[in-house]
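# This is a predicted model, with the sequence first.
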Amino acid sequence: MSTPSTTLTLDHVVDTDRYPLADPDAPAARTVIDRARRDLRTLGCTVLTDFLRPPQRDALREECADLAPRAHFATETVNVYNIATDTPLPEGHPGRRTFLRGNAFVPRDRIPADALISRLHTDPDFQRFLAACFGLPRLHPLADPLAGLVLNVVEPGMEHPWHFDTNEFTVSMLTQEAAEGGDFEYCPGIRSADDERFDDVRAVLDGDGGHLVRRLPLRPGDLQLFRGRYALHRVSPVRGARARHSAIFAYSERPGVIGSLARTRQLFGRVLPAHEAAARRAVRGDTLLD
C-alpha cells in the first residue's frame, strides 16, 4: 500500500540526489539547470526525467485519478488561438480552422491543499529551482484561483487539439499514461512575441508542416518545462481503456496574473470575482492574436 503523500517530505517524493531543489548551486543542480536553459533556449522545452522517486509514482497516479471526476467536462469547438470561432479573419487564416476540444480540467479550488501536486506547486525550493531552470530571478505562482494549478484529463476518444498557451511558462507532470495515443507534440518557437508566422501554423494544421513538429516521449514522474506561449502544441487523441492525466503547474514572471473571463469560462464553465476584478485592470503583455 502506498504511503500517504501528506506524511512524506519532498526529499522522499522528489529524487533530490539528481535534482537538489534546496541547493541550486550544487554540482548536480548546476548540470540540470544548465541543460534545462540550453534546451529551453533551443527547443522551447526540457524534461527532467524521473523527477519523482519510483515508489511515489503509484501514489501520485492514485491521488490524481481520484481527483479526475472533479474535472469540468465540456466538448466544444475551438481554434488554435482559443478566440471566438466567429472572429472575422481573412480567408485561409489558421484561426478559421476549428477542432473539437474534449479534454477537461480539474481546477485549483477542487484540488486539496495537501495533495502532492499542491504541495509541489507551492514549495519555495521547487519554485526557486524552476526559476533557475528558466533563467529567471523568480517565478510567481499564477494567482488565478482556478487555473493556477490544474489536472488535465483526456478521456479515451478525446484529445487536446493544437493550441497556444496564454502564459509563457508551463510546468507539467504526466501522472497517468493513456493506454494508447495521448502523445505530446509541439512546434518549438513557431511564433514569437512580434511575429505570428501564420503560414507555418497553417502548414502544421494542414499536415504539411511535419518538419516543424516534435514528438516528446513522457513517462509518469517526469517533469516537463515548456515555453507554450510561442509553441503550437497538442495532446494527440487518446485511445484504449485508460485516460491520460497530467498536472499543470502555472507560473508567471509577474505576480498577480489571472486569466481572462472568456478563457476561464471556456476551460472551467465559470468565473469567480477575482477574474472579474482582474478583467477591469487587465494589461496585455504582447500584441499576439490571443
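Nice, I can see it.

# Quick one: residues in contact with stretch 137-150.
105-109, 111, 117-118, 121-122, 127-128, 130-131, 167, 169, 247-259, 264, 267-268, 270, 272, 274-275 (Cβ atoms under 8 Å, 6 or more residues apart in numbering). For glycine as for every other residue, the C-beta is placed from the backbone atoms N, C-alpha and C.

# Out of those residues, which sit inside strands?
Among these, the members found in strands (DSSP state E) are 105-106, 169, 247-252.

# Arg41 - that's part of a helix, no?
Yes. Assigned with DSSP: H, G, I helix; E, B strand; the rest coil, Arg41 falls within a helix.

# and it, what pLDDT?
Note for Arg41: predicted pLDDT of 94.

# Relative to Ala104, how far out is it?
33 Å (Cβ to Cβ, to the nearest Å).

# Mind checking which of these two has more residues around it?
More neighbours surround Ala104 than the other of Arg41 and Ala104, with 25 against 12 (other Cβ atoms under 10 Å).

# So for that one, what's the nearest residue that isn't a sequence neighbour?
Once flanking residues are discounted, Ala104 sits nearest to Ala71: 3.8 Å by Cβ to Cβ, 6 or more residues apart in numbering.

# Equivalent analysis for Leu120, please.
Counting by Cβ to Cβ, 6+ apart, Leu120 lies nearest to Phe126, which is 5.5 Å off, once chain neighbours are set aside.

# cool, Arg37 as well?
Leaving aside its chain neighbours, Arg37 sits nearest to Gly135 (5.1 Å; criterion: Cβ to Cβ, 6+ apart).

# Could you give the backbone dihedrals for the one you found?
Dihedral pair for Gly135: phi 70, psi 30, per degrees, to the nearest 10.

# Show the pLDDT at it.
At Gly135, pLDDT is 95.

# Touching, it and Asp34? I think so.
No. Between Gly135 and Asp34 there is no contact under Cβ atoms under 8 Å: 10.2 Å.

# ok, which stretches of the stretch 151-290 of the chain are helices?
198-205, 261-268, 273-280 (DSSP state H, counting those that start in this stretch).

# low-confidence ranges in the stretch 151-290 of the chain?
283-285 (pLDDT under 70).

# What residues does Gln127 make contact with?
138-139, 141, 251.

# can you give me the strands for the stretch 101-250 of the chain?
Applying DSSP state E, counting those that start in this stretch to the stretch 101-250 of the chain gives strands spanning 104-106, 140-141, 149-154, 160-163, 169-176, 180-181, 184-187, 214-216, 223-226, 232-235, 238-239, 244-252.

# Quick one, which of the ones you listed gets closest to Arg97.
Nearest to Arg97 among these is strand 160-163 (8.6 Å), distances taken as Cβ to Cβ.

# Can you list the helices and strands that that closest one packs against?
Applying 3 or more Cβ pairs under 8 Å, 6 or more residues apart in numbering; DSSP states H and E, we find strand 160-163 packed against strand 99-101, strand 232-235.

# In JSON lines: those, plus distance to Leu10.
Output for the helices and strands packed on strand 160-163, formatted as JSON lines (distance: least, Cβ to Cβ, whole Å):
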{"stretch": "strand 99-101", "distance to Leu10": "34"}
{"stretch": "strand 232-235", "distance to Leu10": "27"}
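
# Please work out which of the ones you listed is packed deepest.
strand 232-235 (a mean of 23; mean count of other Cβ atoms under 10 Å).

# quick check, distance from that strand to the centre of its chain.
Put simply, strand 232-235 sits 10 Å off its chain's centre (Cα atoms, centre = their mean, to the nearest Å).

# Kindly format the C-alpha coordinates of it as CSV.
In CSV, the C-alpha atoms belonging to strand 232-235 read as follows (Å, rounded to 0.1, in the frame of the first residue of the first chain):
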residue,chain,number,x,y,z
LEU,A,232,2.0,25.3,-31.0
HIS,A,233,1.3,22.1,-29.2
ARG,A,234,-1.3,19.3,-28.6
VAL,A,235,-2.1,16.0,-27.0
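
# before we move on, back to that, of the ones in strands among the contacts of stretch 137-150, buried ones?
105-106, 169, 247-252 (16 or more other Cβ atoms under 10 Å).

# that older thread, quick one: which of the strands of the stretch 101-250 of the chain is nearest Asp50?
Closest among the strands of the stretch 101-250 of the chain, using Cβ to Cβ: strand 223-226, at 9.2 Å.
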